[in-house]
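> all I have is the shape, not the residue letters:
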């Protein structure tokens, strides 16, 4: 009898990466939209298209300290032959007529009188009693910010599904938003399974391993914009996993487990999903991350990530981030930037499998070309250090047997990185 | 009489950018170090060098499902001429001697018996009763993660002053950290000054402008890792600014005002700093952001940023970020990555002044070269849109009269951006 059949489950058939992600994305959607105060918008996603509620600026205003005038009346002036204007008070006589040569002192940002159209900068004029001499002509519009120059009422200023930035906040405030509709954040329950796993605040007995996945996953969930809730370590017994999931599902929108998804004897997570809900796939043709499984329990997405830290993190990148971003209403499927680079050496791969190759980015001395993507020595999916050395990963798709040295590749970064 | 003297203060002398930053950095320091739980470490900075508390892995473990053996005893085996090993139980007889040909079934991640040194993968063996036939030789170390392979006890795993990443969390957890010393976060008070400024929840009368700086600055403070506290809008009257600062300084580590720093009549912030504490500089030879001032009140740093939104944000980038990062114990002086690019056209500048030129990044069609940095049309420091179009900025230093088209420049990004 084949020992494989007797002792180990094997993955009957591996789903492709694209099919797996499609399956996931079909099953998840945004949770809702809520209004929050402007000052709470950090790291939030716009819940709908946001239009300017008014013109910004809301009036024609001085862009410089100086004197508002009718620009045409300054034409021809110079240091040698300055033209004299009569100063009038702000809030005083409002009717400027061509030929009257009136000027109003204005500070930067202040409205200019309706009849004026330009501002003479303070350094180009000299006050003499109730008049000023102007030494430099200004054309109509000069040193003036006109109404609506920044944004016009009704203009789209932030698109639905976009992460709100500091400059968005500035423009939203400027056009009168003080509450902003944003996407509801998912609460994400995190469980680690495995009889050998213990929480890091316990004594470590021989053969046991500290739970690192819960903490790394919680961090990644927070980075995506979700709210992580660590449910801790659960044994490999089916009943224990089931009762942990029952507890977690009450208060969470998404459940992530790690461990217990491979083909070993005690890999019970996929079976638990299958019994409690619907197991949608188990085993994906990728490396690392193959033992990932996914399903629904009470209509809530449940991810079973592999137990090895590197596999768990790559699997999070590959499957959970696209899902969380869709739940958050974001159109992009990746959190961090991609960067173009040249691969530093041949990397072999296997046809039909998608490889996530961890790379480090390095510029040549003169920095005038694309940086190099240098594959990182991995030492297996249990070795966290390989993830720490890498700046990101390169994908070798299913239809390639590898990448050839010097080819331009897309590097998906793990972080916003500085490459020097 | 020169109108400038009568009506406006002028900046007597502008300090250089480097002198200004040096002045600031001399006056600020970390607030302290505190221990927090591992799961709270998101976006925190390591408060000291963190060493591995133990080897990871803590024991030699199987990197694959299969059978632990003495590797040398498998030498010469093949599908045609398999070598037979006797299975022994885990937890059973522990003494393996050369020549005994014993094997122990192991799951991925489990300790291998002390006397073994390699794991035969399950697919390279066949179980026959209490024995297995091995079809492929394994060299010592094969399919085994040896103790300390990931990190060795005492090895530095996170450096003091580094932002903790997901992979750091994983390794810290793996080697037994459950509390982590991190830098104390600064509380940052934010005030907007100006008689024309009103909070965005009020009705906007003619000539008034909504406060956008408070919200944009609060966002940027949060992005840096500080805790923003919005103190709202204050009039330009000296007494009002003073009492707001007295209130703010009681509960905050840093104070940021915007507005009231230019050379207009009512620019009272620098005078207030001067009266309440020590004004260290006022006016920097940069563009935009010239009217920035800085001082100390009760030994706490007070930044007076310009009122115009773009100037305020660039000034924040240029002065506040380096300060907040130093307070947070971070060695870097910028938050986001810099990217190399080629400037798309000549940009003129003024000798002696440092210019922050906002640019947009774009790759050529084939993406095989550095991206282009394309200067963004600004329309003045009041126009927020120019910041929203830009991906970052290029610095033209004091000793250059501009940058020449095609030159390689460093682009300091406003965000972690994807350039496609």
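Everything's here; your move. As the structure is a prediction and not an experimental result, all values here were calculated from the model. Numbering: from 1, shown residues only, chains lettered A, B, ... in the order given.

> residue A:82 - how many residues pack around it?
18 (other CB atoms under 10 Å in any protein chain shown). All C-beta spots, glycine's among them, are computed from the backbone N, C-alpha and C.

> pLDDT at it, what is it?
Note on residue A:82: pLDDT of 95.

> once you drop chain neighbours, what's closest to it?
Distances taken as CB to CB, 6 or more residues apart in numbering or on different chains place residue A:133 nearest to residue A:82, at 4.0 Å, with adjacent residues excluded.

> buried ones in the helix or strand harbouring the one you found?
When elements are assigned from DSSP states H and E, residue A:133 belongs to strand A:131-134. Of all the residues in strand A:131-134, those buried under the rule 16 or more other CB atoms under 10 Å in any protein chain shown are A:132-134.

> okay, and residue A:359 sits in which element?
Here residue A:359 is assigned to strand A:354-362, by DSSP H and E.

> work out the gap between the following helix or strand past that strand and the centre of the chain.
Remark: after strand A:354-362, the chain's next helix or strand is strand A:372-375, criterion DSSP H and E. Relative to its parent chain, strand A:372-375 has a centroid offset of 24 Å by CA atoms, centre = their mean, to the nearest Å.

> anything in strand A:372-375 near chain B?
No. Judged by CB under 8 Å from any CB of the partner chain, strand A:372-375 and chain B are separated, with a smallest distance of 13.3 Å.

> can you list the strands that that strand pairs with?
strand A:338-343 (parallel), strand A:354-362 (antiparallel) (DSSP bridges).

> contact partners of the shortest one?
Residues outside strand A:338-343 that contact it (CB atoms under 8 Å, 6 or more residues apart in numbering or on different chains) are A:359, A:361, A:369-373, A:375, A:392, A:394, A:403-413, A:419, B:363, B:367-368, B:418, B:420.

> following element in sequence after it, please.
Trace forward from strand A:338-343 with DSSP H and E and the next one is strand A:347-348.

> show me what that next one is packed up against.
With contacts taken as 3 or more CB pairs under 8 Å, 6 or more residues apart in numbering or on different chains; DSSP states H and E, strand A:347-348 sits against strand A:402-403.

> partners of the helix or strand that the strand it packs on is followed by in the sheet?
Following strand A:402-403 in sequence order, the next helix or strand is strand A:408-413 (DSSP H and E). Strand pairing for strand A:408-413, using DSSP bridges, gives strand A:338-343 (antiparallel), strand A:392-396 (antiparallel).

> what's the most buried one of the ones you listed?
With neighbours taken as mean count of other CB atoms under 10 Å in any protein chain shown, the strands paired with strand A:408-413 reach their highest mean count in strand A:392-396, at a mean of 22.

> give me the contacts around it.
Contacts to strand A:392-396, defined as CB under 8 Å, 6+ apart, come from residues A:314, A:317, A:336, A:338-339, A:343, A:347, A:349, A:354-359, A:361, A:373, A:375, A:402-403, A:409-414, A:417.

> and for the closest residue to chain B within chain A, the neighbour number?
The minimum distance from chain A to chain B, using CB to the nearest CB, falls at residue A:416 (3.0 Å). Using other CB under 10 Å, residue A:416 is surrounded by 15 other residues.

> gap between it and residue B:144?
Per CB to CB, to the nearest Å, residue A:416 is found 36 Å from residue B:144.

> kindly report the same for residue A:148.
Taking CB to CB, one finds residue A:148 at 69 Å from residue B:144.

> the two: which has the busier surroundings?
When neighbours are counted by other CB under 10 Å, residue A:148 and residue B:144 differ, and residue B:144 comes out ahead with 24 against 17.

> may I have the phi/psi pair for the more buried one?
Backbone torsions for residue B:144, taken as degrees, to the nearest 10, come to phi -130, psi 140.

> and it, bridged to which residues?
Using DSSP bridges, the bridge partners assigned to residue B:144 are residue B:62.

> what sits against it?
So residue B:144 contacts B:60-63, B:112, B:117-119 (CB under 8 Å, 6+ apart).

> in stretch A:298-305, what counts as buried?
Buried residues in stretch A:298-305, defined by neighbour count with 16+ other CB under 10 Å: A:300-305.

> those in helices, which ones?
Using DSSP state H, no member of the buried residues of stretch A:298-305 falls in helices.

> would you list those in a markdown table and tack on pLDDT?
A markdown table is the format used below for those (pLDDT from 0 to 100):
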| residue | pLDDT |
| --- | --- |
| A:300 | 98 |
| A:301 | 98 |
| A:302 | 98 |
| A:303 | 98 |
| A:304 | 97 |
| A:305 | 96 |
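
> between those residues, which is nearest residue A:14?
residue A:304 (14.8 Å; CB to CB).

> ok, back up a step: mark which of the contacts of strand A:392-396 are buried, thanks.
Counted by 16+ other CB under 10 Å, the contacts of strand A:392-396 give A:314, A:317, A:336, A:338-339, A:343, A:347, A:349, A:354-359, A:361, A:373, A:375, A:403, A:409, A:411-414, A:417 as buried.

> ok, the helix or strand where residue A:171 lies near chain B or not?
Per DSSP H and E: residue A:171 is located in helix A:166-174. Yes. Helix A:166-174 reaches chain B (CB under 8 Å from any CB) through A:166-174.

> helices or strands next to that helix in the packing?
strand A:156-158, strand B:209-210, helix B:213-224, helix B:309-315, helix B:385-389.

> nearest to residue B:331, out of the ones you listed?
helix B:213-224 (14.2 Å).

> please compute how far the helix or strand that comes right after the closest one lies from its chain's middle.
Sequence-wise, the next helix or strand downstream of helix B:213-224 (DSSP H and E) is strand B:227-234. Centroid displacement of strand B:227-234 relative to its chain, using CA atoms, centre = their mean, is 23 Å.

> also stretch A:368-387?
Computed by CA atoms, centre = their mean, the chain-centroid distance of stretch A:368-387 equals 23 Å.

> same thing with stretch A:355-371?
Centroid separation for stretch A:355-371 versus its chain: 23 Å, with CA atoms, centre = their mean.

> what about that stretch, average pLDDT?
87.

> residues making contact with it?
Contacts for stretch A:355-371 (CB under 8 Å, 6+ apart): A:286-289, A:314, A:317-318, A:339-343, A:347, A:349, A:372-376, A:378, A:386-387, A:389-396, A:408, A:411, A:417, A:419-420, B:340, B:368-370, B:408.

> one more: stretch A:49-59?
Identification of contacts with stretch A:49-59 by CB under 8 Å, 6+ apart yields A:111, A:145-160, A:171-172, A:174-177, A:180-181, B:204, B:206-207, B:209, B:382, B:384.

> just the buried ones out of these, please.
A:111, A:145-151, A:155, A:157-158, A:160, A:171-172, A:174-177, A:180-181, B:209, B:382, B:384.

> where does the prediction get shaky in the stretch 1-150 of chain A?
Across the stretch 1-150 of chain A, residues meeting the criterion (pLDDT under 70) sit at A:1-12, A:90-98.

> near chain B, which residues of it?
A:1-4, A:6-8, A:38-39, A:41-43, A:54, A:56-59, A:61, A:63, A:65, A:105, A:107-111, A:122-123, A:125-127, A:132, A:145, A:149-150.
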